[in-house]
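Q: I'd like to go over a predicted model; first the sequence, then the structure.
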Amino acid sequence: MIERVKEFPTLTIIRHPLVQHKLTILRDLQTQTKHFKELVDEIAMLMAYEATSELTLEPRDVETPLEKTSGWHITGKKLTLVPILRAGLGMVEGILRLVPSARVGHIGLYRDHDTLQPVDYYFKVPGDTAERDFFLLDPMLATGGSAAAAVASLKRAGANRIRFLCLVAAPEGVRRLSAAHPDVQIYCAALDRELNSQGYILPGLGDAGDRLFGTK
Ligand code: PRP
Ligand code: URA
């Protein structure tokens, strides 16, 4: 179950009942770190089911215990997951459960508290970037500065097939990311109302990194 929004043609909102149920518990300020982590993991896995639906297949024969038959195999190099540190890390294991052969790169970025500008501190992805499908992961798309910078870094490294998966998006972030990178499909579980004056998403779920790692 997906929803499209006319204003944002690159955005897909995943409306699956399990995703929406779990997201509501995730938003709850009473939800503690252990449960928060489990929910991020489960929602990411459910979202990945949708976000992988357009991967391309090639025919592949298979020998069953009874006879030979035709089947399918996902084409190309291994799918590559790239969490934006820190909070994107919480989405990796759930997706790996669905796609265990996926490779994992990392992009280190944090948002300066005063300027809200992304500051980058780490970049490592597997080689053969031009031949891979990348899933860039971050639970929060707020101003869009971090996601746009991360996509730009991936493109500088040669990537050209990038999807961005987040849990909660603000309209400001979707606007910025899709203006900077109209070729990147964005998947989210919710498109929230707006940002507050500190750049937090409303209603949102608070600081995803702090809630995941218990650092508040
Ligand atoms: C959060 C979040 C995104 C970013 C989103 O990370 O996980 O990376 O903010 O904001 P933006 O869309 O306005 O750029 P944060 O900078 O708090 O770093 P952390 O994960 O290390 O806590
Ligand atoms: N980063 C977060 O973790 N939460 C927000 O609401 C905005 C940016």
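A: It's in. Residues are numbered from 1 along each chain as shown. Ligands and ions are numbered 1, 2, ... in the order given.
Q: how about the residues of the chain near ligand 1?
A: 84, 86-87, 110-111, 116, 118, 138-147, 173, 199, 207-209 (C-beta under 6 Å from any ligand atom). Just so you know, the C-beta spots here come from the backbone N, C-alpha and C atoms, and that holds for glycine as well.
Q: could you rerun that using 5 Å?
A: For the chain, the residues in contact with ligand 1 (C-beta under 5 Å from any ligand atom) are 84, 86-87, 110-111, 138, 140, 142-146, 173, 208-209.
Q: give the buried subset of those residues as a ChimeraX selection command.
A: Those of the residues of the chain next to ligand 1 that count as buried under 16 or more other C-beta atoms under 10 Å are selected in ChimeraX with:
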select :84,86,87,111,138,140,142,143,144,145,146,173,208,209
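Q: so which of the residues of the chain next to ligand 1 are in strands?
A: Using DSSP state E, 84, 110-111, 140 are the members of these that sit in strands.
Q: which residues sit in contact with the residue of the chain found nearest ligand 1?
A: Residue nearest to ligand 1 within the chain: Gly209 (2.7 Å; C-beta to the nearest ligand atom). Applying C-beta atoms under 8 Å, 6 or more residues apart in numbering, we find Gly209 in contact with 86-87, 215.
Q: out of those residues, flag the one nearest to ligand 2.
A: Within the contacts of Gly209, proximity to ligand 2 (C-beta to the nearest ligand atom) peaks at Ala87, which comes in at 6.1 Å.
Q: considering only the residues of the chain next to ligand 1, which also neighbour ligand 2?
A: The residues of these that also fall near ligand 2, by C-beta under 5 Å from any ligand atom, are 140, 142, 208.
Q: switch those residues over to CSV; also include pLDDT.
A: Converted to CSV, those look like this (pLDDT from 0 to 100):
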residue, pLDDT
Met140, 98
Ala142, 97
Ala208, 98
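Q: the contacts of Gly209 into a markdown table, with extra columns for pLDDT?
A: Rendered in a markdown table, the data for the contacts of Gly209 read as follows (pLDDT from 0 to 100):
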| residue | pLDDT |
| --- | --- |
| Arg86 | 95 |
| Ala87 | 98 |
| Thr215 | 96 |
